[in-house]
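Undergrad: Based on what follows, work out the 3D shape:
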Amino acid sequence: MVLEGAMDRIGTTMQKKAAELERLAEVLVTGEQLRLRLHEAKVIKDRRHHLRTYPNCFVAKELIDWLIEHKEASDRETAIKIMQKLLDQSIIHHVCDEHREFKDMKLLYRFRKDDGTFPLDSEAKVFMRGQRIYEKLMNTENNLIQTREEEGVSFERALVASEFIDWLLQEGEMPTREENEQLGRRLLEHGIIQHVTNKHHFVDGPLLYQFRMNFRRRRRLIELLHERGRGIPESHDSPFCLRKQQSDGGNTCFLSVSPTKEIKLAVGVRRSSMSSSCGSSGYYSSSPTLSSSPPVLCNPKSVVKRQVTPEELLTPGGPFIKKTFTVVGDAVGWGFVVRGSKPCHIQAVDPGGPAAAVGIKVCQYVVSVNGLNVLCYDYRTVSNLILTGPRTIVMEVMEEALV
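TA: Next comes the predicted model:
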């Protein structure tokens, strides 16, 4: 009993540390997403002041205007608080380090990643290595992550510890199994991976683990100002993500845009869209947290009232009309969720993403992607087709004609 109590205390301490490190990692990811977006929008650029050129910087006042225009902040005061959070965490700084407060003025600030001054402490190094390992894992042909069973329960997107170590050895992450096992333990202690039921540390063997952190989820900057409670964790079998909401009942919800532009809450688990540092986008595997939340075992309820067949969609004179959209992925992806099978449909749309901007709506059925007919594909195949294709996608959809 004494030993069990000591183990419980160690486990609680580890969970608290992992949660703290995860909060730090969320700030790092959110800051990096914003940096990529600002570069793409040309808000970050070389600027001259007092006969001196300051490379890769932005004007505080202009950035606040941009945040409000892009609905990342409701007012200037909120925008200042968001940027102050990034400044406090050493994500950004004044170009001459003369101001420790983010001010709504014509002052120049810069992301530390753009001038090489970002402080790489041990926690940041583990986090960045974990992100790199995940990106490499997702971008290579392997069957490591899949639905697996442990103690009679199925877990989506899980990997076997021993197979993961085999892969780490193959990729040259560390030279020996023992060192790769230690690497796995550090990833777990930093909240990047975890055992599927939170019962075990990382051990070289048959136990199952899942990635906990969602590096590619599209973050909303307002999340920086709130402690993010982890309810039902995210499932990531589609490559696009929406921001998370907590309902009164504790269920995880995501926002979707209906054909009438109303905002509806679709109860379920969140899907992800986040680019890597090179601007590509893809899906991400996540997991239960180190808290007492249950593992991901199901998908959200479909938004379509009934399943239709490809034949129904293509029937001449039928109730469906075809539309074609060109969607250019931004720094954090395309911003929509695909679900279903034969045909798959648009499950949800990020109100602030590229898909919503061109008119893609929930309940539309996906007919083709970049000229390839996908009416007989499931959403996983369609997701992979988008992920492995160009940044600009041309997508044909069918939607029910308004009477």
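
Undergrad: going forward, measure contacts and count neighbours with C-alpha atoms only.
TA: OK.

Undergrad: Point to the residue nearest the middle of the chain.
TA: R217 (1.2 Å; C-alpha atoms, centre = their mean).

Undergrad: Starting from P316, give me the distance back to that one.
TA: Separation of R217 from P316 (C-alpha to C-alpha, to the nearest Å): 40 Å.

Undergrad: quick one: the residue nearest to the centre of the chain from R380, how far?
TA: 18 Å.

Undergrad: count of neighbours near L21?
TA: Residues within reach of L21, counting by other C-alpha atoms under 10 Å, total 19.

Undergrad: do F336 as well
TA: Applying other C-alpha under 10 Å, I find that F336 has 28 neighbouring residues.

Undergrad: Residues in a beta bridge with it, which ones?
TA: Listed by DSSP bridges, the beta-bridge partners for F336 are V349.

Undergrad: who's in contact with I91?
TA: Neighbouring residues of I91 by C-alpha atoms under 8 Å, 6 or more residues apart in numbering: 28, 31, 111-113, 118.

Undergrad: can you rerun that using 10 Å?
TA: By C-alpha atoms under 10 Å, 6 or more residues apart in numbering, I91 lies in contact with 27-28, 30-32, 35, 83-85, 110-113, 117-119.

Undergrad: ok, T30 - contacts?
TA: Going by C-alpha under 10 Å, 6+ apart, T30 touches 24, 86, 91, 215-224.

Undergrad: Please read the previous query as pertaining to D97.
TA: By C-alpha under 10 Å, 6+ apart, the contact set of D97 is 108-109.

Undergrad: so which helix or strand takes in it?
TA: Under the criterion DSSP states H and E, no helix or strand holds D97.

Undergrad: now it: how far from L107?
TA: 11 Å.

Undergrad: likewise A60?
TA: Separation of A60 from L107 (C-alpha to C-alpha) stands at 6 Å.

Undergrad: do L314 as well
TA: Counting by C-alpha to C-alpha, the gap from L314 to L107 is 57 Å.

Undergrad: now do P343
TA: 52 Å.

Undergrad: Show me what Y54 is bridged to.
TA: R47.

Undergrad: wait, D378
TA: Beta-bridge partners, per DSSP bridges, of D378: S341.

Undergrad: who's in contact with it?
TA: Residues near D378 by C-alpha under 10 Å, 6+ apart: 338-345.

Undergrad: among the residues you listed, who's most crowded?
TA: For those, counting by other C-alpha under 10 Å, the largest number of neighbours falls to H345: 28 neighbours.

Undergrad: What residues does that residue make contact with?
TA: H345 neighbours (C-alpha under 10 Å, 6+ apart): 302-304, 307, 337-339, 361-367, 375, 378-379, 397-399.

Undergrad: what about 7 Å?
TA: Counting by C-alpha atoms under 7 Å, 6 or more residues apart in numbering, H345 makes contact with 338-339, 363-366.

Undergrad: What about the residues you listed, which are in strands?
TA: Applying DSSP state E to those, the entries found in strands are 338-339, 365-366.

Undergrad: As CSV, these with distance to D204 and pLDDT would be great.
TA: Output for these, formatted as CSV (distance: C-alpha to C-alpha, whole Å; pLDDT from 0 to 100):
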residue, distance to D204, pLDDT
V338, 36, 89
R339, 35, 90
Y365, 44, 94
V366, 42, 95
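
Undergrad: now, among those residues, which is nearest to A79?
TA: V338 (32.0 Å; C-alpha to C-alpha).

Undergrad: Report how many residues lie close to the residue lying closest to the closest one once chain neighbours are set aside.
TA: Leaving aside its sequence neighbours, V338 sits nearest to I346 (C-alpha to C-alpha, 6 or more residues apart in numbering; 4.7 Å). For I346, the neighbour count with other C-alpha under 10 Å is 23.

Undergrad: Contact partners for I346?
TA: 337-339, 361-365.

Undergrad: give me that answer again for 8 Å
TA: By C-alpha under 8 Å, 6+ apart, the neighbours of I346 are 336-339, 361-366.

Undergrad: how far does the one helix or strand S154 maps to sit from the chain's center?
TA: Element membership for S154, per DSSP H and E: strand 153-160. Relative to the chain's own centre, strand 153-160 is displaced by 19 Å; criterion: C-alpha atoms, centre = their mean, to the nearest Å.

Undergrad: Convert that strand to PDB, retaining C-alpha atoms only.
TA: This file holds the C-alpha atoms of strand 153-160, laid out as PDB (Å, rounded to 0.1, in the frame of the first residue of the first chain):
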ATOM      1  CA  VAL A 153     -10.100  -2.200 -25.900                       C
ATOM      2  CA  SER A 154      -9.400  -0.600 -29.300                       C
ATOM      3  CA  PHE A 155      -7.500   2.600 -29.500                       C
ATOM      4  CA  GLU A 156      -7.300   4.700 -32.700                       C
ATOM      5  CA  ARG A 157      -3.900   5.800 -34.100                       C
ATOM      6  CA  ALA A 158      -1.800   4.000 -31.500                       C
ATOM      7  CA  LEU A 159       1.700   2.600 -31.900                       C
ATOM      8  CA  VAL A 160       3.600  -0.200 -30.200                       C
END
